[in-house]
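Trainee: coords below, sequence missing:
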């Protein structure tokens, strides 16, 4: 089978290639998924480059120990004899990271606990966008607590996959939502329903007079004190991803400042696939839609990871093996 493969860290277009490798043989408690679609995430960008260097401690000092890809949508081609909840021919989707990575390929053998039945109402390409990004949005906003039309929310990195789902969930609650991203994405973001837009290349939202009840951050590039400055007196900052060094700093200062302020700095610990059935139901009822950048061929993955890392994508970058 064909799969995106790399043996050392570096620039994606240099170190990543599409190779023929052996088709996986599922164990008795696994299923074999013929992958119809997958998507690129921050994990892929960071893993390929081995940056920040903390990733090398996690995934291999000199050589990567993991494969690319964590979201999958496809059809079951084989079901192990110990598997009872699925059968051959089932259409499935999910975030496989709890069990293994490697969805940038034509097949993956994986424990079925990380899969769910794909709703008939959505395509494979749409389904591949959902498990990671939609649940970061759903779980992140639930950490924010009660939302209402009076709630002022800012999403940093708003033009990507998480922002696509977060704005739709927030508009169901009637919230006023400001999106931070690059100006070329603004037309698309207006279509999604953002009430206000900030170009991060020309404005720093943490230096403005506007304060927010909730900040949902997909990037986490600033200091904890900058985020505290942008919050209202009882506001919450919730990060769903970013530079590990910044996340460690946020965790430390979030705990240290807790006794002295009602403002909160929180890091979302994603619970893999938790809430996916709820998200599926929203799709089935037409309450959510997906913004797809693509789909692209597997052979384009090296270029696409670089494209993703430069923040040029709008919505989820989808690959169809």
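Mentor: That came through fine. This is a predicted model, so every value here is computed, not measured.

Trainee: number of residues surrounding residue 69?
Mentor: Neighbours of residue 69 under the rule other CB atoms under 10 Å: 27. Where you see a C-beta, it was placed from the backbone N, CA and C, and this is true even at glycine.

Trainee: same question for the one 4 residues further on.
Mentor: Neighbouring residues of residue 73 were enumerated by other CB under 10 Å; the total is 29.

Trainee: that one and residue 80, how far apart?
Mentor: Using CB to CB, to the nearest Å, one obtains 20 Å as the distance from residue 73 to residue 80.

Trainee: please apply the same query to residue 255.
Mentor: Residue 255 is 44 Å from residue 80, by CB to CB.

Trainee: out of these two, which sits in the busier spot?
Mentor: In terms of neighbours (other CB under 10 Å), residue 80 is the more surrounded of residue 255 and residue 80; the figures are 17 against 10.

Trainee: contacts only, for that one.
Mentor: By CB atoms under 8 Å, 6 or more residues apart in numbering, residue 80 lies in contact with 26, 27, 28, 29, 30, 31.

Trainee: please redo it, this time with the cut-off set to 6 Å
Mentor: 26, 27, 28, 29, 30 (CB atoms under 6 Å, 6 or more residues apart in numbering).

Trainee: show me where pLDDT drops low in the stretch 101-250 of the chain?
Mentor: 243-245 (pLDDT under 70).

Trainee: any buried residues in whichever strand or helix holds residue 281, and which?
Mentor: Per DSSP states H and E: residue 281 is located in helix 276-284. By neighbour count on 16 or more other CB atoms under 10 Å, the buried set for helix 276-284 is 276, 279, 280, 282, 283.

Trainee: same check on stretch 147-158?
Mentor: For stretch 147-158, by 16+ other CB under 10 Å, it's 147, 151, 152, 153, 154, 155, 156, 157, 158.

Trainee: please apply the same query to stretch 291-310.
Mentor: 291-296, 298, 300-302, 304-309.

Trainee: and which of those residues is nearest residue 108?
Mentor: residue 298 (13.1 Å; CB to CB).

Trainee: tell me, what's the model's pLDDT at the closest one?
Mentor: pLDDT for residue 298: 98.

Trainee: count the residues that sit near the residue nearest to it when sequence neighbours are not counted.
Mentor: Sequence neighbours aside, residue 321 is the residue nearest to residue 298 in space, at 4.5 Å (criterion: CB to CB, 6 or more residues apart in numbering). For residue 321, the neighbour count with other CB under 10 Å is 25.

Trainee: any idea how far residue 277 is from residue 321?
Mentor: 26 Å.

Trainee: tell me who's in contact with residue 290.
Mentor: 126, 129.

Trainee: one step back: want to throw the contacts of residue 80 into CSV with secondary structure?
Mentor: Output for the contacts of residue 80, formatted as CSV (DSSP: H, G, I helix; E, B strand; the rest coil):
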residue, secondary structure
26, coil
27, coil
28, coil
29, coil
30, coil
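
Trainee: buried subset of those, written for ChimeraX?
Mentor: Of these, the buried ones can be selected in ChimeraX as follows, counting by 16+ other CB under 10 Å:
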select :26,30
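
Trainee: can you list the contacts of residue 80 in TSV and add pLDDT and distance to residue 232?
Mentor: Output for those, formatted as TSV (pLDDT from 0 to 100; distance: CB to CB, whole Å):
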residue	pLDDT	distance to residue 232
26	96	51
27	96	52
28	96	54
29	97	49
30	98	49
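
Trainee: in TSV: the contacts of residue 80, plus distance to residue 236.
Mentor: Shown next, in TSV, are these (distance: CB to CB, whole Å):
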residue	distance to residue 236
26	43
27	43
28	45
29	40
30	40
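
Trainee: now the angle from the helix or strand containing residue 93 to helix 276-284?
Mentor: Here residue 93 sits within strand 91-95, counting by DSSP H and E. Here strand 91-95 points in a direction 120 degrees away from that of helix 276-284 (axes from the mean of the first three to the mean of the last three CA atoms, to 10 degrees).

Trainee: please begin residue numbering at 26 from this point
Mentor: Renumbered: residue one is now 26, and that last one reads strand 116-120.

Trainee: got a list of contacts for strand 116-120?
Mentor: Here strand 116-120 makes contact (CB under 6 Å, 6+ apart) with 95-96, 98, 100, 139-141, 143, 152, 156-157, 297-298.

Trainee: try 8 Å
Mentor: 56, 58, 95-101, 111, 139-143, 145, 149, 152-153, 155-157, 160, 297-298, 301.
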